[in-house]
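1. Below are the sequence and a predicted model; questions follow.
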Amino acid sequence: MKRNVLYTILLVVITAVLSAIITFIFIDTSAPPSTYDTLKIASRILQENRGLIIKKPRNYATDKQYPVIYVLGGNSLTYTVANDTDLLSRIGTMPEVIVVGIPSIDQKTRQRDLTPPFLKQDLDQTDSPLGKAENFLNFIENEVIPLVDKNYNTSDQKVLVGHSREGLLVLYSLIAKPALFETRIALSPALWREDNAFVQRFDDFLTENPNLSTNLFMSMGKNEVDKMKKAFDLSVDVLTTKAPANLLWKSYYMPNATHQNNHYLTVGIGINYFLKENVTVPIRVRKK
């Protein structure tokens, strides 16, 4: 049994490395590859035009429903998730999925959309407005997801993935809209902002929601900066002491990883952990 678990972990890590290489060498370009679909949204909520990039599984069938993985941020992480899930489904460790990328328009919209409403968008500006993440989540819930469900054969199983400030949004979505996603993957989440203010909100939320039922994976690179790791550790401590019984979670430190590559190396581990075939209740493990 232990050998099988180690084999699976090694297989996922190898898959992640291969996927990252493919992403950087072949398809990390400004325009999505021809194998991806693109959709446009004239968003009423955001009052602007937004785009989506979608990767269907290679064996996409009209008589089958697929889980959907929503990926925030740059296209390269979307490509990595698509490559990881394609390889893992082909070797039979997880089901086929649809991958949907939700890129930002620019740095300003990224700061606006991904920052919770109790944090400043830009820490370098003393008069910075507060974040508009709640508005962005409304956009995802009421415009993005219905459009994807209309155009593709989707199941009710939805996953949200994000790195850095996108990872902060992933965790904020748990507080703001806990039922919107079944699984959340937060990679190197930027939880340190404004003296770790998010961590206290997270603590309060878990205390007030003992019946919460969801899945959460958090990762951090071992070689990331101390403020990132401190906030991550504080959040893991909160989960260790406050997580409800039906909140299934795992935290993971990636050896030798930095903020620039941890998300590419660990996203497949998180996805496979909760979407793997015949999944059982995971063991809550803190690895440093």
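-> Ah, there it is. Given the structure is predicted, the values throughout are model-derived calculations rather than measurements.
2. Run the chain-centre distance for whichever strand or helix holds Asp204.
-> Assigned by DSSP states H and E, Asp204 belongs to helix 193-208. Centre-to-centre, helix 193-208 and its host chain are 19 Å apart (CA atoms, centre = their mean, to the nearest Å).
3. Would you mind writing the CA trace of that helix as PDB?
-> Provided in PDB are the C-alpha atoms of helix 193-208 (Å, rounded to 0.1, in the frame of the first residue of the first chain):
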ATOM      1  CA  ARG A 193      -0.700  41.200   2.700                       C
ATOM      2  CA  GLU A 194      -1.400  43.800   5.400                       C
ATOM      3  CA  ASP A 195       0.100  41.900   8.200                       C
ATOM      4  CA  ASN A 196      -1.500  38.500   7.400                       C
ATOM      5  CA  ALA A 197      -5.000  40.100   7.600                       C
ATOM      6  CA  PHE A 198      -6.600  37.300   5.600                       C
ATOM      7  CA  VAL A 199      -5.500  34.600   8.100                       C
ATOM      8  CA  GLN A 200      -7.600  36.100  10.900                       C
ATOM      9  CA  ARG A 201     -10.600  36.300   8.500                       C
ATOM     10  CA  PHE A 202     -10.000  32.700   7.600                       C
ATOM     11  CA  ASP A 203      -9.800  31.700  11.300                       C
ATOM     12  CA  ASP A 204     -13.100  33.500  12.000                       C
ATOM     13  CA  PHE A 205     -14.800  31.900   9.000                       C
ATOM     14  CA  LEU A 206     -13.900  28.300  10.000                       C
ATOM     15  CA  THR A 207     -15.000  28.900  13.600                       C
ATOM     16  CA  GLU A 208     -18.400  30.200  12.400                       C
END
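4. Show me what it packs onto, helices and strands only.
-> If contacts are counted by 3 or more CB pairs under 8 Å, 6 or more residues apart in numbering; DSSP states H and E, helix 193-208 sits against helix 165-176, helix 226-242. Glycine gets a C-beta too; all of them are placed from N, C-alpha and C.
5. Most tightly packed of the ones you listed?
-> Comparing these by mean neighbour count (mean count of other CB atoms under 10 Å), helix 165-176 ranks first with a mean of 24.
6. Look through this structure and tell me its longest strand.
-> Secondary structure of the chain read by DSSP state E shows that its longest strand is strand 154-163.
7. Walk me through which strands that strand pairs with, and which way each runs.
-> Strand 154-163 pairs in its sheet with strand 66-72 (parallel), strand 183-187 (parallel), by DSSP bridges.
8. Please work out which of those strands is packed deepest.
-> It is strand 183-187: most buried of those by mean count of other CB under 10 Å, with a mean of 28.
9. Work out the gap between that one and the centre of the chain.
-> Distance, centroid of strand 183-187 to centroid of chain: 4 Å (CA atoms, centre = their mean).
10. now the angle from it to helix 165-176?
-> Orientation check (axes from the mean of the first three to the mean of the last three CA atoms, to 10 degrees): strand 183-187 against helix 165-176 gives 140 degrees.
11. Report how many residues lie close to the residue lying closest to Leu160 once chain neighbours are set aside.
-> In this structure, Leu160 finds its nearest non-sequential neighbour in Phe181, 4.5 Å apart by CB to CB, 6 or more residues apart in numbering. By other CB atoms under 10 Å, 25 other residues sit near Phe181.
12. what helix or strand is Glu134 on?
-> helix 133-139.
13. After the strand or helix carrying Tyr253, heading C-terminal, what element do we hit next?
-> Assigned by DSSP H and E, Tyr253 belongs to strand 247-254. Heading C-terminal from strand 247-254, the first helix or strand you meet, by DSSP H and E, is helix 262-275.
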